[in-house]
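Student: Got a sequence here, can you build the structure:
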Amino acid sequence: MNVLGSNHTDCAILIYDDAGSHLGTSTVIEHDRNSARIEVRDIPAALKVGNTCKILILSSPAPCEYDGRIISEGQKRYIAMFHGKEKENRAAARYKISTPAIIENLIYNGKAFPLHTPMDVMIVNISKSGVRIRAPYYSFLNGDRFQLRMKISDAEKLLIADIVHHVDFEPSSSEYGCSFLTGSERR
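Tutor: Just a heads-up that it's a prediction; the model follows:
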């Protein structure tokens with residue numbers, strides 16, 4: 001799949017500077033696939049025309065990571081996505097973010113089972129290949145699969161992930177490293 005050819009319109013987007021500092025969140029208004037540029041609802045004021053940035057677009061079936069440069073055309077500013085700069089999952093950079101999310105369903109044998117009470121979690125960091133969440137102490141086991149609902153800017157995203165590893169901080173919380181499921185893995 002050529003990710004640069006995917007349509008990212010209406011997807012949530014996380015915007016970072018080159019050092020990996022989170023500058024803001026927004027929504028993709030328009031994705032021009034011919035010029036590989038996107039118009040977003042809000043570009044952080046810290047990014048001026050000509051500045052480079054890193055962006056994580058929460059597209060389906062998995063987030064896409066790009067290097068970008070701020071360009072302008074008239075009164076509008078766009079992010080031009082660099083061709084050939086896509087990151088591969090095994091080398092995906094993690095970006096710090098502190099945003100709430102909800103786990104509504106656990107998945108077993110391809111079927112979603114709703115939790116009696118949805119669980120509030122905090123997303124600690126995110127990458128193209130996964131997410132790290134903070135949840136109540138010892139909520140999950142390695143190998144558990146779940147659906148995570150997060151809201152970034154105006155867009156809401158439902159992600160499916162497997163718990164890969166966890167670290168417990170007695171007695172209050174645990175952090176879970178999770179891997180996104182893509183394509184046939186989601187079945």
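Student: any weak-confidence spans in this structure?
Tutor: Along the chain, segments meeting pLDDT under 70 span 1-5, 61, 83-91, 182-187.
Student: Can you list the residue ranges for strands in it?
Tutor: Using DSSP state E, the strands of the chain run over 12-16, 22-32, 37-40, 52-58, 64-73, 76-81, 95-108, 111-126, 130-136, 145-152, 155-169, 173-180.
Student: Residue 166 versus the residue minimising distance to the centre of the chain, what's the distance?
Tutor: Nearest to the geometric centre of the chain sits residue 58, at 4.6 Å (CA atoms, centre = their mean). Taking CB to CB, to the nearest Å as the measure, residue 58 falls 23 Å from residue 166. C-beta here means a position set from N, CA and C on the backbone, and glycine is covered the same way.
Student: before we move on, back to that, out of the strands of the chain, the one nearest residue 6 is which?
Tutor: Closest to residue 6 of the strands of the chain is strand 64-73 (CB to CB; 6.9 Å).
Student: Over to the residue in the chain sticking out farthest from the centre: give its phi and psi.
Tutor: Within the chain, the residue lying farthest from the chain centre (CA atoms, centre = their mean) is residue 74, at 30.1 Å. As for residue 74, its main-chain torsions (degrees, to the nearest 10) stand at phi 70, psi -130.
Student: quick one on the thing from earlier: ok, which of the strands of the chain comes nearest residue 46?
Tutor: Among the strands of the chain, strand 22-32 sits nearest to residue 46 (CB to CB), with 5.6 Å.
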